[in-house]
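Q: The following comprises the amino acid sequence and a computationally predicted model.
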Amino acid sequence: RDPKVAAQQANDMRNIVRRKLTGYVGFANLPNQWHRKSVRKGFSFNVMVVGESGLGKSTLVNTLFNTSLYPPKERKQPSLDFSPKTVGIQSISADIEENGVRLRLTVVDTPGFGDFVNNDDSWRPIIENIEQRFDTYLDAENKVNRMNIIDNRIHACVYFIEPTGHALKPLDVEVMRRLHTKVNLIPVIAKSDTLTDDEISAFKHRILADIQFHNIQIFEGPRYEMDDEETIAENNEIMSKVPFAVVGSNTEVQTPEGRKVRGRRYPWGVIEVDNEEHCDFAKLRQMLIRTHMEELKEHTNNFLYENYRSDKLTSMGVAQDPSVFKEVNPAVKQEEERSLHEQKLAKMELEMKMVFQQKVQEKESKLKQSEEELYARHREMKEQLDRQRQELEDKKSRIESGRPAEEKGRKKGGFSLRG
Ligand code: GTP
């Protein structure tokens, strides 16, 4: 921190006069001003539902917001075309109003997710959609006029788990691992009316163990210290239900006692969606709409988007301001550590390759040198042999050319001796 700024702040603190007012000034009305302004502006909330086809996503969204915002789709005929298709993303918005408070609700659906024989990349369009929303927000923030930015970022992602009663499927783990650093993940057990209470409880434990084992970060409620005991208890109670075992239904049915409730009728009785003894739907709705909507939005803005934004700007070469607050998320930290480790390994591999190449080069140059030496010796010996042969040739020709003269001389002498 800048020491000048720190000194200035310390000075300001010393100059604060603490005084209890005797009369009414009016700033106690500030929260009301804020309230009026917020109500006038309205609220927006974007929720994404992810899960395999037919797990009751549309039904649950309609049940959640008590409106036919999201008409159930017609069941598709089984396709004969087995070629891989992209996941189609559908976004529906609706303005809903309650006691004069307006809420712009957007539901983003991922139909047919996990339907294909090969689901390896089924998470890609979802991640792209989430990132595209972050990019749009980032672009809007960088414009000259930053007033009235429309927030289309995903604030909550309700992840539907098939009620198998066993464990998370590998595809669930894969998709959740890709999603958790980009959205507030809220896992739910779909169609929980198909499981008994004991099965649900065992399934929940298993899901949470899998989530922990795979270091998946799910939404955990407010991170700040809540001083209000009632709020803490409420939050703990909601969080104790994660993953929420939900049942969806938009139709009203009559209970044996004659009450009209939203629920599903079976030959053996009625399951009420709003009854906390029957399922966790009420707790999920309470969390999403009544108690944690602002928290979900804040966490998206202050942490998920902030991380995405700083990573994006850093990758574009913009220097990071060290004073910027960056909350430490264990999952993100682990991801960073993993990528650092991978970078380290890649560097080591490169270094080993370079050392290997260098050694090979050294060996090659040595071999070349000894080859040259051998050639030189060979040449030298050849030249020596050539020289010796030449000398012998010379000698031979000298001997041969000297022999007839000698013989002549010898003949002449012979005659003179006789004469
Ligand atoms: P796609 O649109 O294909 O992605 O399916 P979806 O996940 O939106 O499922 P949808 O809401 O269309 O529901 C599929 C079927 O499941 C319908 O027949 C619903 O009536 C039924 N269903 C929905 N919720 C529940 C539930 O909680 N329990 C049971 N038993 N059935 C449900």
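A: Done, it's in.
Q: pLDDT score for the spatially most central residue of the chain?
A: Per C-alpha atoms, centre = their mean, the C-alpha nearest to the average position across the chain is that of residue 178, at 4.3 Å. At residue 178, the model reports a pLDDT of 88.
Q: ok and the residue in this protein nearest the ligand?
A: residue 56 (2.7 Å; C-beta to the nearest ligand atom). Every residue, glycine included, has its C-beta placed from N, CA and C.
Q: Residue 275 versus that residue, what's the distance?
A: Using C-beta to C-beta, to the nearest Å, residue 56 is found at 17 Å from residue 275.
Q: Have a look at these two and say which one is more surrounded.
A: The neighbour comparison of residue 56 against residue 275 (other C-beta atoms under 10 Å) goes to residue 56, with 22 against 16.
Q: Quick check: that one vs residue 191, distance?
A: 5 Å.
Q: Which residues are in contact with each of these two?
A: Here residue 56 and residue 191 share the contacting residues residue 248, scored by C-beta atoms under 8 Å, 6 or more residues apart in numbering.
Q: Let me know the pLDDT of residue 399.
A: 91.
Q: helix or strand for it, which one?
A: helix 330-418 (DSSP states H and E).
Q: In the chain, mark out all the helices, start to finish.
A: For the chain, the helices defined by DSSP state H cover 3-14, 30-41, 57-65, 124-141, 170-179, 197-213, 229-239, 281-285, 293-299, 306-315, 330-418.
Q: Near the ligand, which residues of the stretch 151-300 of the chain are found?
A: Contact residues (C-beta under 6 Å from any ligand atom) of the stretch 151-300 of the chain with the ligand: 191, 193-194, 247-248.
Q: Can you list the low-confidence ranges for the chain?
A: Per-residue confidence for the chain (pLDDT under 70) gives these ranges: 1-2, 17-23, 25, 65-88, 111-120, 223-227, 317-330, 404-419.
Q: ok so, going back, turn the helices of the chain into JSON lines, columns for distance to residue 98.
A: Converted to JSON lines, the helices of the chain look like this (distance: least, C-beta to C-beta, whole Å):
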{"stretch": "helix 3-14", "distance to residue 98": "43"}
{"stretch": "helix 30-41", "distance to residue 98": "11"}
{"stretch": "helix 57-65", "distance to residue 98": "10"}
{"stretch": "helix 124-141", "distance to residue 98": "26"}
{"stretch": "helix 170-179", "distance to residue 98": "30"}
{"stretch": "helix 197-213", "distance to residue 98": "31"}
{"stretch": "helix 229-239", "distance to residue 98": "20"}
{"stretch": "helix 281-285", "distance to residue 98": "13"}
{"stretch": "helix 293-299", "distance to residue 98": "13"}
{"stretch": "helix 306-315", "distance to residue 98": "31"}
{"stretch": "helix 330-418", "distance to residue 98": "35"}
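Q: Please name whichever of the ones you listed is nearest to residue 259.
A: helix 281-285 (15.8 Å; C-beta to C-beta).
Q: got the CA positions of that closest one in PDB?
A: Presented in PDB, the C-alpha positions along helix 281-285 are these (Å, rounded to 0.1, in the frame of the first residue of the first chain):
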ATOM      1  CA  PHE A 281     -37.800 -28.300  -3.100                       C
ATOM      2  CA  ALA A 282     -38.900 -25.600  -0.600                       C
ATOM      3  CA  LYS A 283     -35.300 -25.200   0.700                       C
ATOM      4  CA  LEU A 284     -33.900 -24.900  -2.900                       C
ATOM      5  CA  ARG A 285     -36.500 -22.200  -3.700                       C
END
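Q: Please name the residues that touch the residue of the chain closest to the ligand.
A: So residue 56 contacts 160, 190-191, 246, 248 (C-beta under 8 Å, 6+ apart).
Q: quick one on the thing from earlier: now the residue nearest to the centre of the chain: how far from residue 301?
A: Residue 178 is 21 Å from residue 301, by C-beta to C-beta.
Q: go on, residue 352?
A: Distance from residue 352 to residue 301, by C-beta to C-beta: 45 Å.
Q: between these two, which one's more packed in?
A: Neighbours were counted for residue 352 and for residue 301 using other C-beta under 10 Å; residue 301 has more, 15 against 10.
Q: And the nearest residue to that one once chain neighbours are set aside, its phi and psi?
A: Sequence neighbours aside, residue 153 is the residue nearest to residue 301 in space, at 7.6 Å (criterion: C-beta to C-beta, 6 or more residues apart in numbering). Dihedral angles of residue 153 (phi, psi; degrees, to the nearest 10) stand at phi -70, psi 150.
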